[in-house]
Every structure is written in C-alpha cells, then in structure tokens.
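> No sequence on hand, only this structure:
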C-alpha cells in the first residue's frame with residue numbers, strides 16, 4: 001500500500017502507464033481474437049493469442065513488483081472487507097480507493113485468470129481440420145480435444161466477466177458519479193485529503209519484464 005500522504009484534494013496519479021497500456025491493449029486484442037476467429041483468420045488468431053499470453057504473464061509479474069496500486073496485495077481483500085464494501089453499494093456516494101475497490105479487485109483477478117486459461121488452452125487446441133496450437137504436438141489428441149473444449153466455453157465465461165465489468169463501470173458512472181473509465185485513460189483520480197499516495201514504479205522496469213515475457217512465449221511457441 002502507498003505510504004506518502006496527500007496534502008490537498010485534486011487529481012492524483014494512481015494508475016501507471018504500464019497498467020493503462022495493458023488494459024487497453026488487452027481490450028483490443030480480445031476483440032481482435034474474437035474477430036479473427038469469426039473470420040477464420042487463424043494465423044492472426046494465434047498471433048493474437050501469443051500477444052495476449054505475453055500481456056497476461058507481464059501483468060502477473062507487475063502485480064508483484066509494479067506500482068503500489070498495480071500490486072495484488074493492494075486490491076485483494078479479505079471476506080470481511082468485501083462484505084463491508086458491498087454494504088456501501090446502495091449509497092450514491094462512492095467509497096474512495098486509490099486503486100481497485102474490493103469488488104473491483106475480485107473482478108481483476110477473475111478476468112486475469114480467465115484470460116490466462118483462454119490463452120493457455122489455445123496453445124494446445126485443434127479444430128480437427130488443419131489448425132493446431134503450437135503445443136499440440138506435445139499432448140495426446142484426447143487431451144488436446146479436452147483443452148479445445150475448455151478454450152471454446154471459457155470464452156463465454158470471459159464474455160460474462162467482461163459484461164459484468166462494463167455494467168459495474170456504468171453503475172459507478174450513473175449511480176455514484178465516479179468515472180472509472182477516464183481514470184484508466186488519464187491515470188488520475190479525484191481523491192480526498194489525507195489519502196495515501198500510490199508509489200509509482202519506473203516504466204523501464206515494465207518494458208524489461210514485457211520483453212522477458214515476450215521472449216518466454218516465443219521460446220514456448222517454438223519449443
């Protein structure tokens with residue numbers, strides 16, 4: 001958690017550039033993955049999957065070493081805190097958090113896990129015609145078929161999670177008058193006086209981690 005104290009009110013930097021880029025690039029890649037599958041652009045579909053896997057692996061690492069609001073320790077709350085937060089939902093006044101609120105933290109973890117499953121199973125998938133994931137050759141046909149089934153139905157789970165995420169954003173916008181989308185573009189939130197300021201990490205570290213994750217996925221794909 002952040003330690004420095006805010007002296008006044010106003011827009012405070014809470015989301016670093018790596019987190020914001022991760023968020024919006026992932027949105028575009030998921031949309032392109034869906035489109036490329038519908039259009040049967042399977043080569044591009046697989047490239048998109050590699051990029052998604054790279055991003056997810058990066059985000060997991062950034063969740064341990066990144067800026068304070070990016071860390072899992074900042075937005076994974078215990079049951080008591082989650083229940084207490086749920087009780088505030090009917091109020092028109094938004095409870096202020098530097099990073100994700102308790103329910104938002106749950107949403108982030110679920111989406112990350114779901115996308116990881118989607119990208120991971122796709123590496124082993126096949127379509128019984130000509131297209132096979134890069135790791136198909138390392139498993140049996142039966143296991144590949146099972147993972148292909150998970151890959152197919154898990155996307156529906158992902159769409160449900162995305163829909164719930166969008167609904168929550170709209171709820172905060174129209175009921176609590178808090179624009180979470182703008183904050184994910186600008187990186188800044190309006191926070192009350194006395195709020196602990198997040199500690200930001202150097203984007204150079206994020207670039208190194210992203211490169212390492214990309215190299216790891218490339219080695220995996222070509223193994």
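That came through, no problem. Given the structure is predicted, the values throughout are model-derived calculations rather than measurements. Numbers count the residues shown, from 1 in each chain.
> quick one: what helix or strand has residue 90 in it?
Using DSSP states H and E, residue 90 is not contained in any helix or strand.
> and if you look at residue 104?
Per DSSP H and E: helix 102-122 holds residue 104.
> can you point me to the longest helix in the chain?
helix 141-174 (DSSP state H).
> Now do the buried residues in the helix or strand that it is followed by.
Beyond helix 141-174 on the C-terminal side, the first helix or strand identified by DSSP H and E is helix 180-186. The neighbour-count check on helix 180-186 (16 or more other Cβ atoms under 10 Å) flags 180, 183-184 as buried. For the C-beta atoms, the positions are set from N, CA and C on the backbone; glycine is no exception.
> Looking at the residues you listed, which is nearest residue 68?
When the buried residues of helix 180-186 are ranked by distance to residue 68 (Cβ to Cβ), residue 183 comes first, at 15.5 Å.
> how far away is that closest one from residue 72?
Separation of residue 183 from residue 72 (Cβ to Cβ, to the nearest Å): 19 Å.
> The longest helix of the chain versus helix 102-122: what angle between them?
Following axes from the mean of the first three to the mean of the last three Cα atoms, to 10 degrees, one obtains 150 degrees for the angle between helix 141-174 and helix 102-122.
> Can you tell me which residue sits nearest the middle of the protein?
residue 112 (4.8 Å; Cα atoms, centre = their mean).
> Quick check: the gap between the most far-flung residue of the chain relative to its centre and residue 95.
In terms of distance from the mean C-alpha position of the chain, residue 129 ranks first, at 32.2 Å (Cα atoms, centre = their mean). Applying Cβ to Cβ, the value for residue 129 to residue 95 is 52 Å.
> likewise residue 31?
31 Å.
> cool, and residue 41?
44 Å.
> chain center to the strand or helix carrying residue 49, what's the gap?
Residue 49 is part of helix 42-65 when elements are defined by DSSP H and E. Relative to the centre of its chain, helix 42-65 is centred 10 Å away, using Cα atoms, centre = their mean, to the nearest Å.
> What is that helix packed up against?
helix 17-38, helix 102-122, helix 203-221 (3 or more Cβ pairs under 8 Å, 6 or more residues apart in numbering; DSSP states H and E).
> Out of those helices, flag the one nearest residue 56.
Nearest to residue 56, of those and by Cβ to Cβ, is helix 102-122 at 5.0 Å.
> ok so, going back, which strands or helices does the longest helix of the chain pack on?
helix 17-38, helix 102-122, helix 180-186.
> what comes up buried for it?
144, 147-148, 150-151, 154-155, 157-158, 161-162, 165, 168-169, 172.
> Burial check on residue 69, number of neighbours?
23 (other Cβ atoms under 10 Å).
> Skip the chain neighbours and tell me the closest residue to it.
residue 99 (3.3 Å; Cβ to Cβ, 6 or more residues apart in numbering).
> Ok, residue 26 next?
residue 55 is the one closest to residue 26 (Cβ to Cβ, 6+ apart), at 5.5 Å.
> Near that neighbour, how many other residues are there?
A count of nearby residues for residue 55, using other Cβ under 10 Å, gives 23.
> follow-up on the earlier one: ok, which pair from the buried residues of helix 141-174 is furthest apart?
Greatest spatial distance among the buried residues of helix 141-174 (Cβ to Cβ): 144 and 172, at 41.6 Å.
> circling back: do you know how far the residue farthest from the centre of the chain is from residue 148?
According to Cβ to Cβ, residue 129 and residue 148 sit 12 Å apart.
> tell me the contacts of the residue nearest to the centre of the chain?
56, 59-60 (Cβ atoms under 8 Å, 6 or more residues apart in numbering).
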